[in-house]
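Chemist: Kindly generate the corresponding structure for this input.
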Amino acid sequence: MGWSPCQFPGRNRALVFTAMFEVLVIDWLKEASISAVSRLMGLSWNAIDGIMQRAVKRGLARRTEISSTRIGVDETAFKKRHDYVTVLSDQDAGRVLHGAVTAKRRCSKHDTKV
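Modeler: Okay, here's the model as predicted:
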């Protein structure tokens with residue numbers, strides 16, 4: 001099936017996923033929203049979040065030294081424009097290097113300084 005409830009000392013109940021099941025969930029997340037994957041796979045948002053966090057941790061552990069010649073910075077709003085995400089990306093390799101969430105926009109609408 002891909003997951004099974006297990007008892008751990010000090011915990012009520014936890015889900016343990018196989019590596020292949022987590023790969024399948026990550027592949028689905030590349031194509032669909034968290035809500036859609038949650039509905040299709042029968043998983044809670046928290047279970048999917050845990051899978052995503054473990055995937056990021058594994059990816060960061062495999063990362064080698066970054067030597068990009070072109071870096072991109074993008075800031076975008078989400079959650080009804082009250083929160084902002086700033087993303088630093090490697091333009092040559094097409095991968096995200098860092099992401100940060102900020103509560104308020106730091107620049108005014110008319111500020112053109114970089």
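Chemist: When you work out contacts or count neighbours from here on, use the C-alpha atoms and nothing else.
Modeler: Fine.
Chemist: Mean confidence (pLDDT) on the longest helix along the chain, please.
Modeler: Taking DSSP state H as the criterion, the chain has its longest helix at helix 45-62. For helix 45-62, mean pLDDT is 89.
Chemist: what comes up buried for it?
Modeler: 47-48, 51-52 (16 or more other CA atoms under 10 Å).
Chemist: Give me the distance between that helix and the centre of its chain.
Modeler: 7 Å (CA atoms, centre = their mean, to the nearest Å).
Chemist: Burial check on residue 37, number of neighbours?
Modeler: By the measure other CA atoms under 10 Å, the count of residues near residue 37 is 21.
Chemist: how about residue 23, secondary structure?
Modeler: Three-state call for residue 23 (DSSP: H, G, I helix; E, B strand; the rest coil): helix.
Chemist: Would you mind measuring from it to residue 99?
Modeler: 22 Å (CA to CA, to the nearest Å).
Chemist: What helix or strand is residue 97 located in?
Modeler: strand 95-102 (DSSP states H and E).
Chemist: Which neighbouring elements make contact with that strand?
Modeler: strand 83-90 (3 or more CA pairs under 8 Å, 6 or more residues apart in numbering; DSSP states H and E).
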